[in-house]
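>>> sequence first, predicted model second:
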Amino acid sequence: MSPSIHTAGALAERFGLVLHGDADAAVTGAAPLATARPGQLSFLGNPRYADLLATTQASIVIVDPDHVQGVRGTALVARDPHVAFAKVSELFESRFERPPGIHPTAVIHAGAQVAASASIGPHVCIGEGSRVGERSIIGPGCVIGEHCSVGDDCELVARVTLVLRVRLGRNVRIHPGAVLGAQGFGMAMEHGRWLNVPQLGGVVVGDDCEIGANTTIDRGALEDTVLEEDVRLDNQIQIGHNVHVGAHTAMAAQVGIAGSARIGRYCMLAGKVGVSGHLEICDKVTVLAMSMVAGPITAPGTYASSLPITDVRTWRRNAARFRQLDALARRIPAEKKDS
Amino acid sequence: MSPSIHTAGALAERFGLVLHGDADAAVTGAAPLATARPGQLSFLGNPRYADLLATTQASIVIVDPDHVQGVRGTALVARDPHVAFAKVSELFESRFERPPGIHPTAVIHAGAQVAASASIGPHVCIGEGSRVGERSIIGPGCVIGEHCSVGDDCELVARVTLVLRVRLGRNVRIHPGAVLGAQGFGMAMEHGRWLNVPQLGGVVVGDDCEIGANTTIDRGALEDTVLEEDVRLDNQIQIGHNVHVGAHTAMAAQVGIAGSARIGRYCMLAGKVGVSGHLEICDKVTVLAMSMVAGPITAPGTYASSLPITDVRTWRRNAARFRQLDALARRIPAEKKDS
Amino acid sequence: MSPSIHTAGALAERFGLVLHGDADAAVTGAAPLATARPGQLSFLGNPRYADLLATTQASIVIVDPDHVQGVRGTALVARDPHVAFAKVSELFESRFERPPGIHPTAVIHAGAQVAASASIGPHVCIGEGSRVGERSIIGPGCVIGEHCSVGDDCELVARVTLVLRVRLGRNVRIHPGAVLGAQGFGMAMEHGRWLNVPQLGGVVVGDDCEIGANTTIDRGALEDTVLEEDVRLDNQIQIGHNVHVGAHTAMAAQVGIAGSARIGRYCMLAGKVGVSGHLEICDKVTVLAMSMVAGPITAPGTYASSLPITDVRTWRRNAARFRQLDALARRIPAEKKDS
């Protein structure tokens, strides 16, 4: 597989970028400014690294208008170099054939519908009443249970499970090991033993969502668990039953959202954040890593609750004091003194 | 698939509920009080929502005796409406055929035993010395390794892995992506390199346990990792080697239990709780979300350690002060003052 | 399967241990000191349990030189009894045949290379441009995507996914459900919608690494995500794109490392630790369970940030005070007083 060659002139025209320098400068791949070699494309995403423009070996650098003067070689100028780079560098991603049709090892229920343009990979299983839309790719080892629907242009990369009543919009991508539509954690106790509460809802995933590896999204109890459009979930996230996630919200790895929580649009939850059930977070809320959201958030902004590490001796002393914090606070004089 | 129709009279008789209203009121599904339409069943689980009884469109509502007067239409009266609803709404869950027998794509070792009434789905693999009991369902893509035992009436929904020496009781249900019996994290260091300590134990899972999607339970080092009966594990839980979990204990998603911890009966661990290894938690302990149990708990009750979020500026100031907490505390006057 | 019998004399010779007692003492398995029966091997790993030497029923006990006098029966003496036990007890682990060759249900791309001595299990899928080295075992249901490389003597236990550009060294073991090489969480926002940034790097895993069940390691954005040799990852760990983990570092379950973090050699991260992106942790750092590393660590040592649990009433009061901590601190007199 020989890589394709792209010239600065061709890239400028194709992606609507302004060229400064040699239209014939050519690249076959991409790399960070610090390590790029001749023949590679790079970009300046963060002005903190502008010094690297003077030393980078990259043949072409994407920069914003403020930094074009710093580029020694050929520059392509974009208002947002990160966005421009994202689009251009698609050219360098490997592409593999996913031929339309159903692999002979796949097992498709007679009551399932698969579009002729869809690609169903090896060892896939599709159950009764489920359907797969046009051009969608169901990778090796995926299991689609009953009454599920995969829209057009979706990709289930490999070993994804849709259990029951999962409905994906268009252009949804799900990474390996993710499980959507499993029985939620709904139980009642009777005579000292747990009784399952039937989970009669489903999971609805809007257009353009992306769901990370080993992430789990339970189906709803009576109504659906919902992801609106363009929601981005990283790996190992847990979404409980009847959660509702607003459009364009992104969550980093290992976030957990308990049942019936409602997360707004354009929210950003950093890694390992926990959100309690039955509460609402409004639009445009950012929560820093490992924080616990135990009550509603009603104003946009940034929130946090985790503690910074210290060396273990200091930590032991401080943690012991935390256990006494209220008692200590009561001993503090009411009047403010110079401290 | 046309849904079946159930009348209030028939439901009252079948489930031993007291009927108030129209015995011919009929339902074909279930919904929350607020959104139910005519033809749907609902219930009042939490008295906080009693006002909805006046406005709900549900044709039948399950309530406790104290709220029957508030129901405008037809009521079914139960001591615990949530439990009654759990049982009745089973009628509305979809059922799919899992025919007895072994799917032709399954690969069963000659030294494995599968009951004739069991259903072994597509792309299943069962290894040497393993057995599957009567009426158990092994869904698509499950892998059962060696020397495992699945009791009667179990269900491995799909893509479940039992690695080695995993023994399930009766009526155990395991959701997709769960891994039981993997090599635990047992290591010793020699000459600056890690050496694996063989994990010679297994995993024993009692009757009526339920294990969530992508949960992992390692096999024991020398003795077994044990879940007693009716333990309920949500998704993405980690149970380390040689952990012992008492009967009827429930854990919410993303809980982690380190090796050799012993958890009592009827405990409730909320989401993301962490429990250190080699400690004991007594019966009837509840731990709130995202708390860290680093020492034994010897008295029943509710425990917590997580901090509440604040806006990021307040958080930064408070977190900085936490690093000085012991030093600050030493400056607090010994005598209590009015605060 | 009858277990093999090993005598103290033979074990002493084979593993270079010093024998005290009866060279004909024989064992067929292993157990902890407290529960061992005659015919079993045990060891004293922690001097705290030395009292058990007087009562254990084990036929052979591995001890260090300081404790050999306490053993009533037969002892094998080792400088590090845990290490010696790890080696000896390998004899008791079950072994199962993994015959060389490709199972007829496996689907191997014409452009993939599999060594003749490798064992490819049922329902495996191997994609274009990938290769599997000598004697490596690819267990049931594994999916190896494109341009991946599995070195010699590796084991992918079952249902492991290598997505794209994953290169494993020699003697790497990966447990079920792990996903390596998935698209990292790289995005840019344009006109209010997320845009994927192509992830052009891969994952490089050094020799002798072990990767736990359901752990996820994303491929790099422009360069590779790297695990140096002998890294040990427990279950449900998340390693973000472009993370670099130094040799011999071990992480317990549910740790999460955000993108581009750099972890040193011989580090130990306990369960549920979180590490922010774009920071560096030096060699020989230990971080206690559930701590959050939000800044660089430049000195070896032990660090922590989690809080101890208390009963819920005390916790509520203390947590409320934490929200006021900075304000409280300002009211503390500057001069230290006796407390």
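In hand now; what should we look at? Numbers count the residues shown, from 1 in each chain, chains lettered A, B, ... in the order given.

>>> count the neighbours of the residue nearest to residue A:65 when sequence neighbours are not counted for me.
Counting by C-beta to C-beta, 6 or more residues apart in numbering or on different chains, residue A:65 lies nearest to residue A:77, which is 5.6 Å off, once chain neighbours are set aside. The C-beta positions use only the backbone N, C-alpha and C, and glycine is treated the same way. Applying other C-beta atoms under 10 Å in any protein chain shown, we find 20 residues neighbouring residue A:77.

>>> how about residue A:38?
Number of residues near residue A:38 (other C-beta under 10 Å) recorded here: 11.

>>> could you do residue A:69 as well?
By the criterion of other C-beta under 10 Å, residue A:69 has 10 neighbours.

>>> confirm it sits in a helix?
Yes - under DSSP: H, G, I helix; E, B strand; the rest coil, residue A:69 sits within a helix.

>>> now do it against residue B:230, distance only.
71 Å (C-beta to C-beta, to the nearest Å).

>>> ditto for residue A:276
Residue A:276 is 25 Å from residue B:230, where distance means C-beta to C-beta.

>>> same thing with residue A:277?
Distance, residue A:277 to residue B:230, using C-beta to C-beta: 23 Å.

>>> likewise for residue A:265?
For residue A:265 relative to residue B:230 (C-beta to C-beta), the value is 40 Å.

>>> between those two, who's got more neighbours?
Using other C-beta under 10 Å as the criterion, residue A:265 and residue B:230 rank with residue B:230 on top: 23 against 18.

>>> tell me the contacts of the closest residue to residue A:141 other than its chain neighbours?
Using C-beta to C-beta, 6+ apart and skipping residues adjacent in sequence, the residue nearest residue A:141 is residue A:159, 4.2 Å away. Taking C-beta atoms under 8 Å, 6 or more residues apart in numbering or on different chains, we find residue A:159 in contact with A:139-142, A:176-177, B:141, B:159, C:141, C:143, C:159, C:161, C:179.

>>> got it, and residue A:52?
Residues near residue A:52 by C-beta under 8 Å, 6+ apart: A:33-34, A:44.

>>> kindly recompute the last result at 6 Å.
Counting by C-beta atoms under 6 Å, 6 or more residues apart in numbering or on different chains, residue A:52 makes contact with A:33-34.

>>> neighbours of residue A:112, how many?
18.

>>> surely it meets residue A:130?
Yes - judged on C-beta atoms under 6 Å, residue A:112 makes contact with residue A:130 at a distance of 4.8 Å.

>>> low-confidence ranges in chain A?
A:1-2, A:335-339 (pLDDT under 70).

>>> and it, what are its domains?
If you go by automatic domain parsing, the domain ranges for chain A are A:6-92, A:160-303.

>>> now, of the contacts of residue A:159, which are buried?
Among the contacts of residue A:159, those classed as buried by 16 or more other C-beta atoms under 10 Å in any protein chain shown are A:139-142, A:176-177, B:141, B:159, C:141, C:143, C:159, C:161, C:179.

>>> among those residues, which two are most distant?
The largest separation in those, counting by C-beta to C-beta, is between B:141 and C:179 at 14.9 Å.

>>> other SSEs contacting the biggest helix by length in chain A?
Longest helix in chain A, counting residues (DSSP state H): helix A:312-323. Here helix A:312-323 touches helix B:325-330, strand C:301-304, going by 3 or more C-beta pairs under 6 Å, 6 or more residues apart in numbering or on different chains; DSSP states H and E.

>>> dump those into CSV; add distance to residue A:134 as well.
Shown next, in CSV, are the helices and strands packed on helix A:312-323 (distance: least, C-beta to C-beta, whole Å):
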stretch, distance to residue A:134
helix B:325-330, 60
strand C:301-304, 53
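
>>> for these, which one sits closest to residue C:234?
With distances scored as C-beta to C-beta, the stretch of the helices and strands packed on helix A:312-323 nearest to residue C:234 is strand C:301-304 (18.6 Å).

>>> what strand or helix carries the closest residue to residue A:17 other than its chain neighbours?
Of all residues not flanking residue A:17 in the chain, residue A:76 sits nearest, at 4.1 Å (C-beta to C-beta, 6+ apart). Element membership of residue A:76 [criterion: DSSP states H and E] is strand A:74-77.

>>> now that strand: how far from the chain's centre is it?
Distance of strand A:74-77 from the chain centroid (C-alpha atoms, centre = their mean, to the nearest Å) equals 30 Å.

>>> for the helix or strand just after that strand, packing partners?
With elements assigned by DSSP H and E, the helix or strand that comes after strand A:74-77 is helix A:81-89. Applying 3+ C-beta pairs under 6 Å, 6+ apart, we find helix A:81-89 packed against helix A:8-15, strand A:60-63, strand C:187-190.

>>> can you redo the ones you listed as TSV with distance to residue B:117?
Below are these laid out as TSV (distance: least, C-beta to C-beta, whole Å):
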stretch	distance to residue B:117
helix A:8-15	62
strand A:60-63	64
strand C:187-190	50
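
>>> these: which one's closest to chain B?
Among the helices and strands packed on helix A:81-89, strand C:187-190 comes nearest to chain B, with 20.4 Å by C-beta to the nearest C-beta.

>>> measure residue A:292 to residue C:187 for me?
Taking C-beta to C-beta as the measure, residue A:292 falls 25 Å from residue C:187.

>>> more neighbours, these two?
For residue A:292 versus residue C:187, neighbours defined as other C-beta under 10 Å are more numerous around residue A:292 (26 against 17).

>>> bridging residues for that one?
Judged by DSSP bridges, the bridge partners of residue A:292 are residue A:274.

>>> quick check: residues of the stretch 51-200 of chain A near chain C?
A:82-83, A:86, A:89-90, A:92-93, A:96, A:122-123, A:140-141, A:158-159, A:175-177 (C-beta under 6 Å from any C-beta of the partner chain).

>>> write the ChimeraX selection for whichever of the residues you listed are buried.
Selection of buried members from these for ChimeraX, criterion 16+ other C-beta under 10 Å:
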select /A:82,83,86,89,92,122,123,140,141,158,159,175,176,177
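
>>> flag every buried residue along stretch A:95-115.
By 16+ other C-beta under 10 Å, the buried positions in stretch A:95-115 come out as A:98, A:102-103, A:105-109, A:112, A:114-115.

>>> reformat these as JSON lines; add distance to chain B.
Shown next, in JSON lines, are those (distance: C-beta to the nearest C-beta, whole Å):
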{"residue": "A:98", "distance to chain B": "19"}
{"residue": "A:102", "distance to chain B": "13"}
{"residue": "A:103", "distance to chain B": "12"}
{"residue": "A:105", "distance to chain B": "7"}
{"residue": "A:106", "distance to chain B": "9"}
{"residue": "A:107", "distance to chain B": "4"}
{"residue": "A:108", "distance to chain B": "10"}
{"residue": "A:109", "distance to chain B": "9"}
{"residue": "A:112", "distance to chain B": "12"}
{"residue": "A:114", "distance to chain B": "16"}
{"residue": "A:115", "distance to chain B": "21"}
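
>>> many thanks, have a good one.
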